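Q: When you get a sec, could you give me coordinates for this:
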Amino acid sequence: QVQLVESGGGLLQAGGSLRLSCVASGRTFSSYAMGWFRQAPGREREFVTAISWSGGSTSYADSVKGRFTISRDNARNTVYLQMNSLKPEDTAVYYCAAGRSLVTSRHLYSYWGQGTQVTVSS
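A: As a prediction, this is how the structure comes out:
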């Protein structure tokens, strides 16, 4: 069992930066791939980025490539999402998730956090 708690969301202007954190409980964090997803009002939850258990592999949605960076610190049971050059269309609730492999489908992640709101104004 893995419990995930996100933090770091907020309200900011377009062009700004924000770093989200997701802290996991449990001793098996380092064995899980971790992903970030987001959900805007009226839209489905969508893949943002993911990182392998070792941190050696990552994947990004085209919409965030070059602006967002995922990283993890297995010693701290934490995964991060650095978001730069934020746009109003990045506004959403951001969720972290844990799964057995680095995939883009939300259906293949077993554990989810409660989400943190990111709002980007124009």
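
Q: which element is the most centrally placed residue in the chain on?
A: In the chain, the residue lying closest to the centroid (CA atoms, centre = their mean) is Trp36, at 2.4 Å. In this structure, Trp36 sits in strand 33-39 according to DSSP states H and E.

Q: Mind listing residues that contact that strand?
A: 20, 22, 24, 45-53, 70, 72, 79, 81, 90, 92-104, 106, 109, 115, 118 (CB atoms under 8 Å, 6 or more residues apart in numbering). Placement of C-beta: from N, CA and C, glycine included.

Q: related to what we said a few turns ago, quick one: the residue nearest to the centre of the chain from Arg27, how far?
A: As judged by CB to CB, to the nearest Å, Trp36 and Arg27 stand 22 Å apart.

Q: Thr69 too?
A: 26 Å.

Q: higher neighbour count, those two?
A: Per other CB atoms under 10 Å, whichever of Thr69 and Arg27 has more neighbours is Thr69, with 16 against 9.

Q: quick one: the strand holding Trp36 to chain centroid distance?
A: Taking CA atoms, centre = their mean, to the nearest Å, one finds the center of strand 33-39 at 4 Å from the center of the full chain.

Q: Any chance you could list what contacts stretch 3-21?
A: Contacts for stretch 3-21 (CB under 8 Å, 6+ apart): 22-26, 36, 78-88, 93-98, 111-122.

Q: Just want the phi and psi numbers for Ala14.
A: Main-chain dihedrals, Ala14, degrees, to the nearest 10: phi -60, psi 140.

Q: Report pLDDT for it.
A: Here, the pLDDT recorded for Ala14 equals 98.
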